[in-house]
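# here is my input, please return the structure:
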Amino acid sequence: MTQTVVVLGGAYAGVSCAHRLLKYTKPQVKDLKVILVSKNSHFFWNLASVRAVVPGLLKEEQYSQPIEKGFSKYDAETFEFIVGSAEGVDTVGHTVKVLTKDGERVLSYDHLVLATGTRTVNSDMPWKSNGTYEETAAALAQVQSKIKSAKHIVVAGGGATGVETAAELAFEYGKDKEVVLLSGDAELLGGDSLASNVAGELKKLGVQVRKSARVEGSAELPDGKVEVQLQGGDKILTDVYLPTMGLVANTEYLPADMLTDKKFVDIDEFYRAKGTKDVWAAGDIVWKPRASFVLSEKQSAGVAKNIDLALKGKPPTPVKTIPMDVLLVATGRSRGVGRLGPVKVFSIMVYMIKGKTLGVQQLPGYVDGSAF
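Now for the predicted structure:
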């Protein structure tokens with residue numbers, strides 16, 4: 001009798017979990033079938049989105065590759081890829097309702113993995129894969145086009161995405177384009193211990209940083225320029241406005257009792273959704289302790305291991321991620337700031353680990369499973 005694992009989400013956590021189950025569990029659990037559901041037909045390496053918005057720096061295949069091709073080694077009895085969005089989960093009936101271009105499908109599962117992540121509040125911004133491949137590609141192309149012709153650019157949001165975006169733009173264009181970074185907080189990175197280091201790097205690049213400058217709204221004017229309104233009444237006129245703040249969990253399809261007060265999936269130490277025995281979650285959708293590429297990878301590996309144990313009739317083990325809080329922020333294509341726990345690391349280390357490529361060389365391995 002077939003044992004089916006349905007994985008929802010075609011990004012870091014979902015794709016890696018599916019590959020691990022097929023690669024390591026399937027040889028021992030012969031009747032295993034994995035169904036991967038993704039709204040986007042392509043794996044979008046969003047870590048590189050801050051560089052991808054700069055015209056001409058990256059080719060599309062460096063940050064976006066088709067998911068299904070990476071699973072072509074598996075037959076239809078073993079694996080199925082569905083381009084669609086989850087619309088509902090019935091934990092009693094063990095079913096997931098999925099909407100595809102051909103209509104609605106109802107999938108039955110023995111185990112379910114929730115890895116649908118988060119999306120940006122502003123769907124026009126390509127920091128995350130907010131929709132289909134076509135929608136994400138169109139959003140990115142539109143931003144690239146606007147940046148190419150702009151003389152003045154406002155980046156809003158003093159978190160890592162905002163800092164990295166402003167740094168990439170300033171590194172590429174220097175004095176040819178004026179780059180302004182708005183931080184709603186009094187310090188960058190929410191006051192993290194790296195705040196002053198980041199401010200110093202941005203100053204070297206010529207980025208104009210305005211702190212305690214919280215955006216209230218924006219409006220596109222008839223001439224194509226954008227008016228950015230700040231709390232307190234100040235207004236900034238710019239050619240391009242790039243908001244980076246605000247992430248929302250993609251959990252609207254889940255029962256309310258499965259979620260925290262902030263709408264993330266509520267999990268136990270095994271990364272199992274609380275109140276269930278066969279629903280698991282990993283990645284940004286759990287926000288534990290925050291969104292992170294490294295954390296998503298560790299969580300996904302832990303969930304795959306626990307499903308493997310469950311399929312073999314064994315109890316799960318607590319999922320361990322990393323023993324310290326790691327934060328690495330690229331500041332252009334030659335430097336960066338970072339810390340391992342409370343210990344700050346040299347700029348060249350951040351550049352080598354993250355800023356040099358933003359990890360795009362890992363994308364093929366994630367797609368075809370050779371990275372795991």
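# only C-alpha atoms for contact and neighbour calcs from this point on.
Fine.
# is Pro318 in a helix, a strand, or coil?
State at Pro318, reduced to three classes by DSSP: H, G, I helix; E, B strand; the rest coil: coil.
# let me see the contact set for it.
Contact partners of Pro318, counting by CA atoms under 8 Å, 6 or more residues apart in numbering, are Glu269, Phe270, Tyr271, Gly302.
# what does Asp278 give?
Shown in contact with Asp278 (CA under 8 Å, 6+ apart): Asp110, His111, Leu112, Arg272.
# with Ser16 instead?
By CA under 8 Å, 6+ apart, the contact set of Ser16 is Glu297, Ser300, Ala301, Tyr366, Gly369, Phe372.
# name the element the closest residue to Pro364 other than its chain neighbours belongs to?
Closest residue in space to Pro364, ignoring its immediate chain neighbours: Gln65 at 7.7 Å, by CA to CA, 6 or more residues apart in numbering. Applying DSSP states H and E as the criterion places Gln65 in strand 64-66.
# my read: Phe44 touches Ile67, true?
No: in this structure, Phe44 is not within contact of Ile67 by CA atoms under 8 Å, at 9.5 Å.
# and those two? Which one has more around it.
Using other CA atoms under 10 Å as the criterion, Phe44 and Ile67 rank with Phe44 on top: 28 against 24.
# who does that one bridge with?
Per DSSP bridges, the residues bridged to Phe44 are Ser64.
# please report the distance of it from Val15.
According to CA to CA, to the nearest Å, Phe44 and Val15 sit 11 Å apart.
# likewise Trp287?
18 Å.
# who has more neighbours out of these two?
More crowded of Trp287 and Val15, by other CA under 10 Å: Val15, with 26 against 20.
# now do the strands in the stretch 201-350 of the chain.
208-210, 215-220, 226-230, 235-238, 240-243, 247-249, 279-281, 326-330, 336-340, 343-345 (DSSP state E, counting those that start in this stretch).
# need the contact partners of the fifth one.
It stands for strand 240-243. With CA under 8 Å, 6+ apart, strand 240-243 has contacts from 122, 125, 146-147, 150, 152-157, 162, 225-226, 228.
# repeat the analysis, applying 6 Å as the threshold.
Ile153, Val154, Val155, Ala156 (CA atoms under 6 Å, 6 or more residues apart in numbering).
# likewise for the longest one?
Applying CA under 6 Å, 6+ apart, the contact partners of strand 215-220 are Val226, Glu227, Val228, Gln229, Leu230, Gln231.
# now for the closest residue to Asp325 other than its chain neighbours: which residues touch it?
Distance criterion CA to CA, 6+ apart; nearest residue to Asp325, sequence neighbours excluded, is Gly341 at 4.8 Å. Shown in contact with Gly341 (CA under 6 Å, 6+ apart): Met324, Asp325, Val326.
# tabulate those (TSV), appending neighbour count, pLDDT and distance to Ala291.
Converted to TSV, the contacts of Gly341 look like this (neighbours: other CA atoms under 10 Å; pLDDT from 0 to 100; distance: CA to CA, whole Å):
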residue	neighbour count	pLDDT	distance to Ala291
Met324	10	90	14
Asp325	12	91	12
Val326	16	92	11
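# what comes up buried for the lengthiest strand in the chain?
Counting by DSSP state E, the longest strand found in the chain is strand 79-90. Buried positions in strand 79-90, judged by neighbour count with 16 or more other CA atoms under 10 Å: Phe79, Glu80, Phe81, Ile82, Val83, Gly84, Ser85, Ala86, Glu87, Gly88, Val89.
# okay, the residues you listed in JSON lines with distance to Val50 next?
Below are the buried residues of strand 79-90 laid out as JSON lines (distance: CA to CA, whole Å):
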{"residue": "Phe79", "distance to Val50": "33"}
{"residue": "Glu80", "distance to Val50": "32"}
{"residue": "Phe81", "distance to Val50": "29"}
{"residue": "Ile82", "distance to Val50": "28"}
{"residue": "Val83", "distance to Val50": "26"}
{"residue": "Gly84", "distance to Val50": "26"}
{"residue": "Ser85", "distance to Val50": "26"}
{"residue": "Ala86", "distance to Val50": "28"}
{"residue": "Glu87", "distance to Val50": "30"}
{"residue": "Gly88", "distance to Val50": "32"}
{"residue": "Val89", "distance to Val50": "34"}
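# nearest to Val37 among those residues?
Comparing these against Val37 with CA to CA places Ile82 closest, at 4.8 Å.
# so what's the closest one bridging to?
In this entry, Ile82 is beta-bridged to Val37, by DSSP bridges.
# that one is in contact with Val37, isn't it?
Yes: Ile82 is in contact with Val37 according to CA atoms under 6 Å; the separation is 4.8 Å.
# list the contacts for Val89?
Contacts here follow CA under 6 Å, 6+ apart; on that basis Val89 touches Thr95, Val96, Leu254.
# count of residues packed around the nearest residue to Leu114 once chain neighbours are set aside?
Once flanking residues are discounted, Leu114 sits nearest to Ala281: 4.5 Å by CA to CA, 6+ apart. Taking other CA under 10 Å as the criterion, the count of residues near Ala281 is 29.
# same check on Lys175?
Counted by other CA under 10 Å, the residues lying close to Lys175 total 13.
# find the nearest non-adjacent residue to it, please.
Nearest residue to Lys175, sequence neighbours excluded (CA to CA, 6+ apart): Gly206, at 7.5 Å.
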